[in-house]
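> Structural data only, the sequence is not supplied:
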């Protein structure tokens, strides 16, 4: 039986992790009394009695929890941005390589990736590794996300102030989005990033436009598709969607919500002889957050990474 403590279970990610684990027969959820959830003495006790602790907290509170966790056997998966670029922590994106999966399986400190970062990295990382995208490439990325990614306060605004009826809204226009440091750390690229909150609770489309002339070897869409398909053939949650656009689209439109409720991420390759468009579709609360956290938990305990996940 795996003893699990969710520090910050009242938040969006914490509730989603709890939902994914609550019916598992191999898991015992440790529930701190609500009135004690901010009491460091109690938090320390629960953190150190757990086999694994999920930190679903603001960055500073997550750092505080790490200091409270003195048991060397407690595995910590941090869902905040606090440790994603810390070299002492393992970046929790097993699809990067078999070596990355092994690192996660051996680590006691795992930083869960950001949702936008997950979509971008999984689109471009194989192209960088194979030399198609050069280290000095200047890329742009537009990412449409559901409003649940903004946490309780943004959810409340959309669902009580009727903002959900309004048009999509760009944000982070200072060009300093919190996922950019981890994107730089993993890919080596400085990107121009344009995130947009959509009028839907969940769902995400991360899009990267490319000109074939800027890629080594001037590859066609089929070449890129085959490279991605080969790279992810052993990754159970990554699905390459058909190249034929009429199969992928709904009357010409791409639905951002198809992966909702799952830990699946779907990759699309659109294009022609001069242009390619890469798009990742995922649930910002699934593979973009809590689903990925449970996937990393499975790997850390030597279990099939898709156990009790879809």
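Okay, I see it. Computed from a predicted model, the values in this text were never measured in an experiment. Numbering: from 1, shown residues only.
> So, low pLDDT: which residues of the chain?
For the chain, applying pLDDT under 70 flags the ranges 163-164.
> What ranges does it have for its helices?
Under the criterion DSSP state H, the chain contains helices at 12-21, 40-49, 59-68, 98-106, 115-129, 151-160, 180-187, 221-231, 245-248, 291-300.
> how about the ones you listed in CSV, adding mean neighbour count?
The way it works is simple: take the backbone N, C-alpha and C, and place the C-beta from them, glycine included. As requested, the helices of the chain are exported to CSV (neighbours: other C-beta atoms under 10 Å):
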stretch, mean neighbour count
helix 12-21, 21
helix 40-49, 16
helix 59-68, 16
helix 98-106, 15
helix 115-129, 24
helix 151-160, 14
helix 180-187, 19
helix 221-231, 18
helix 245-248, 12
helix 291-300, 25
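> out of these, which comes closest to residue 237?
For those, the distance to residue 237 is smallest for helix 291-300, at 7.0 Å, taking C-beta to C-beta.
> neighbouring contacts of the closest one?
Outside helix 291-300, the residues within contact range by C-beta atoms under 8 Å, 6 or more residues apart in numbering are 2, 4, 13, 16-17, 20-21, 52, 54, 75, 77, 79, 92-94, 101, 104-105, 107, 110, 112-113, 118, 237, 262-263, 283, 285-287, 304-309.
> so residue 235 sits right up against residue 96, yeah?
No: at 9.6 Å, residue 235 and residue 96 do not qualify as touching, with contact defined as C-beta atoms under 8 Å.
> More neighbours: which of these two?
For residue 235 versus residue 96, neighbours defined as other C-beta atoms under 10 Å are more numerous around residue 96 (21 against 16).
> Look up how far residue 252 lies from the nearest residue to that one once chain neighbours are set aside.
Excluding the flanking residues, the one nearest residue 96 by C-beta to C-beta, 6 or more residues apart in numbering is residue 125, at 6.1 Å. According to C-beta to C-beta, to the nearest Å, residue 125 and residue 252 sit 29 Å apart.
> what does residue 53 give?
Taking C-beta to C-beta, one finds residue 53 at 46 Å from residue 252.
> neighbour count winner among the two?
Set residue 53 next to residue 252 and count neighbours by other C-beta under 10 Å: residue 53 wins out with 26 against 7.
> since we're on the closest residue to that one other than its chain neighbours, how many residues are nearby?
The shortest distance from residue 53 to any non-neighbouring residue, by C-beta to C-beta, 6+ apart, is to residue 5 (4.6 Å). As a burial measure, residue 5 scores 26 neighbours (other C-beta under 10 Å).
> Likewise for residue 133?
22.
> change the start of the numbering to 465 and stick with it
OK, 465 is where the count begins now, so the last one is residue 597.
> What separation do you get for it and residue 674?
Residue 597 is 8 Å from residue 674, by C-beta to C-beta.
> got any residues that touch both of these two?
Common neighbours of residue 597 and residue 674, using C-beta under 8 Å, 6+ apart, are residue 603.
> Distance check, the residue nearest to residue 560 against residue 509.
40 Å.
> ok so, going back, just tell me which of the helices of the chain ends up closest to residue 634.
helix 579-593 (13.1 Å).
> and the helices of the chain as CSV, adding distance to residue 732?
Listed next are the helices of the chain as CSV, based on distance: least, C-beta to C-beta, whole Å:
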stretch, distance to residue 732
helix 476-485, 25
helix 504-513, 41
helix 523-532, 32
helix 562-570, 23
helix 579-593, 9
helix 615-624, 27
helix 644-651, 19
helix 685-695, 9
helix 709-712, 6
helix 755-764, 20
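> domain assignment for the chain?
Domain ranges of the chain: 466-577+753-764, 579-748, per automatic domain parsing.
> Dig out what the closest residue to residue 745 other than its chain neighbours forms beta bridges with.
Nearest residue to residue 745 in three dimensions, chain neighbours excluded: residue 730, at 4.5 Å (C-beta to C-beta, 6+ apart). Applying DSSP bridges to residue 730 yields these beta-bridge partners: residue 703, residue 745.
> I figured residue 730 was touching residue 696, is that so?
No: Residue 730 is beyond contact range of residue 696, at 10.9 Å (criterion: C-beta under 8 Å).
> shared neighbours of those two, anything?
Counting by C-beta under 8 Å, 6+ apart, the common neighbours of residue 730 and residue 696 are residue 704.
> what's the closest non-adjacent residue to residue 696?
residue 702 (4.0 Å).
> I figured that neighbour hits residue 723, correct?
No: using C-beta under 8 Å, residue 702 is not in contact with residue 723, being 11.2 Å away.
> can you list residues touching both of those two?
Common contacts of residue 702 and residue 723 (C-beta under 8 Å, 6+ apart): residue 729.
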